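Engineer: dropping a prediction and its sequence here:
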Amino acid sequence: MRIIVATAGSRGDVAPYTGLGARLHAAGHTVVVAADARSAGLVRDGGLTFRPLPLDRLAAEGRTGAGLSPAGQLRLAREWAPRAADALADVCAADADVLLLSGSLAPLGLVAAEGLRLPALGVFLQPLAPTREFPPVLVGARSWGPYGNRAAARGAQALLAVAFAPGVRHLRRRLGVTGAALGRRRADWPVLHGFSPTVVPRPPDWRPGLAVTGYWWPAEPAGWTPPGRLTDFLRAGPPPVFVGFGSMAATDPERLGDLVGRALRLARVRGVVQTGWAGLSVAGDDVLTVGEVPHSWLFPRTAAVVHHAGAGTTAAGLRAGVPAVPVPMMLDQSFWASRLTALGVSPARLPFRHLSAERLADAVRAAVHEPRYRQRARQLAALVTAEDGAGHVVRAVERLG
């Protein structure tokens, strides 16, 4: 079958689909990943075909949440939605027998699937359906109780519908999709979630058709070798602490770099600092600043990982079996950070807006020197790596065909 995997967002929103796509390809299917143009290299390095979607401005403006107010983000999404809807429909009409949709593109993708008479499967990285068990993951980690959590999630879904409404209306007119047909498609379409049930158990009040499969690990880049200066640094002393904030950009990278450097010195640990979109750079004999390095290679060689708690980086840390110090900045990051502390692999959740060198140093010391965090991290690593999340998706796709 010809399979389109459509997603929006930064690297962490695309990388899991490269591993999923590679698994589908190995099962004999043709796989195309449609995403923002920034992800072309990542997808092609995984051995998959890439198709661009016009998401560049949305990614550039929305990656931090700092440049725009919530109203500004909503306005940007509404402006972007019709153009993205057209591009997604064009890709699907040309290449697809089956459509796999991330949570970020599901509102548009379901219209395309209905209009083009394509089977569709949700492949979500976050638990987005309303539940009594936890609040909507895109707005924080504070629980409002069973009824409040469901009500808040329905409110979040209503706001998402407002953001996508211009694109949905445009694509319905273009493809002749009725409201009744779209409603039937939405009501019972299957959605698979690419995280471990050990990390987030399937809520018992979810409707049938929503499943938690286990993680989808990113494809390993072919022919990658670590830079010599990194391997030399790792050999020169005890395992360092990783610090990186992925695609989160900082308004003052120099200040953040100074804070991280001071925290590492206070904690008396060596550090590997990833530049990322934050533009981090930390100087010192016991610190090495690096660019993109596969987390699957680097994290197992560290004493702990300090990160923004994006879904993909959280998964990579759990897979490596190392303690975490999450520093959430926006959206679902507070949810994943809270999961890490609840699971016992992290001593503290440090919201970025309250971050200080002293608080970060205290958390790093605890993560590195208190054995319980590493012991629990290793226990969880054994559980999540034994799961076959991608295999669940392959079987679900083949049932659709």
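Structural biologist: Received the coordinates, thanks. Nothing here was measured: the structure is a model prediction, and the numbers come from that model.

Engineer: may I see the buried residues of stretch 36-43?
Structural biologist: In terms of neighbour count (16 or more other CB atoms under 10 Å), stretch 36-43 has its buried residues at 36, 38-39, 42-43. All C-beta spots, glycine's among them, are computed from the backbone N, C-alpha and C.

Engineer: now that stretch: mean pLDDT?
Structural biologist: The average of the pLDDT scores along stretch 36-43 is 88.

Engineer: quick revisit: return the member of the buried residues of stretch 36-43 nearest to residue 376.
Structural biologist: Distance to residue 376, by CB to CB, is smallest for residue 42 among the buried residues of stretch 36-43, at 31.0 Å.

Engineer: CA atoms of the helix or strand encompassing the closest one as PDB?
Structural biologist: Taking DSSP states H and E as the definition, residue 42 sits inside helix 40-45. What follows is helix 40-45, C-alpha atoms only, in PDB (Å, rounded to 0.1, in the frame of the first residue of the first chain):
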ATOM      1  CA  ALA A  40      13.100  17.100   4.800                       C
ATOM      2  CA  GLY A  41      16.600  16.000   5.800                       C
ATOM      3  CA  LEU A  42      15.400  14.200   8.900                       C
ATOM      4  CA  VAL A  43      12.900  12.200   6.800                       C
ATOM      5  CA  ARG A  44      15.200  11.400   4.000                       C
ATOM      6  CA  ASP A  45      18.000  10.400   6.400                       C
END
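
Engineer: what pairs with the helix or strand just after it, parallel or antiparallel?
Structural biologist: Following helix 40-45 in sequence order, the next helix or strand is strand 49-53 (DSSP H and E). Here strand 49-53 has these sheet partners by DSSP bridges: strand 30-36 (parallel).

Engineer: show me what counts as buried in the partner strand.
Structural biologist: Neighbour counts over strand 30-36 (16+ other CB under 10 Å) mark 31-36 as buried.

Engineer: contacting residues for residue 389?
Structural biologist: Contacts of residue 389 were listed using CB atoms under 8 Å, 6 or more residues apart in numbering, and they are 194, 196, 213-217.

Engineer: those residues into TSV, with extra columns for distance to residue 317, secondary structure and pLDDT?
Structural biologist: Putting the contacts of residue 389 into TSV (distance: CB to CB, whole Å; DSSP: H, G, I helix; E, B strand; the rest coil; pLDDT from 0 to 100) gives the following:
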residue	distance to residue 317	secondary structure	pLDDT
194	16	coil	97
196	12	coil	97
213	19	coil	96
214	16	coil	96
215	12	coil	97
216	16	coil	96
217	13	coil	95
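
Engineer: closest to residue 287 among these?
Structural biologist: residue 217 (28.4 Å).

Engineer: and the closest one, how far is that from residue 190?
Structural biologist: Per CB to CB, to the nearest Å, residue 217 is found 22 Å from residue 190.

Engineer: likewise for residue 145?
Structural biologist: Using CB to CB, we find residue 145 at a distance of 29 Å from residue 190.

Engineer: more crowded one of these two?
Structural biologist: Higher neighbour count among residue 145 and residue 190: residue 190, with 16 against 11, using other CB atoms under 10 Å.

Engineer: that one reaches residue 207, doesn't it?
Structural biologist: No: here residue 190 does not reach residue 207: they are 10.5 Å apart, not a contact under CB atoms under 8 Å.

Engineer: show me where the chain has strands.
Structural biologist: In the chain, the strands defined using DSSP state E lie at 2-6, 30-36, 49-53, 98-101, 120-124, 191-193, 210-212, 241-243, 271-274, 287-290, 304-307, 324-326.

Engineer: closest to residue 345 out of the ones you listed?
Structural biologist: Among these, strand 324-326 comes nearest to residue 345, with 5.5 Å by CB to CB.

Engineer: neighbouring strands for the closest one, and are they parallel or not?
Structural biologist: Take DSSP bridges as the rule and strand 324-326 pairs in its sheet with strand 304-307 (parallel).

Engineer: helices of the stretch 251-400 of the chain, residue ranges please.
Structural biologist: 253-267, 295-298, 311-320, 333-342, 357-369, 371-386, 389-400 (DSSP state H, counting those that start in this stretch).

Engineer: how's this protein carved up into domains?
Structural biologist: Annotated domains of the chain cover 2-219+387-400, 228-369 [automatic domain parsing].

Engineer: endpoint to endpoint, the last one covers what distance?
Structural biologist: When the termini of domain 228-369 are compared using CA to CA, to the nearest Å, they are 28 Å apart.

Engineer: same thing with the first one?
Structural biologist: Distance between the boundary residues of domain 2-219+387-400 (CA to CA) amounts to 12 Å.
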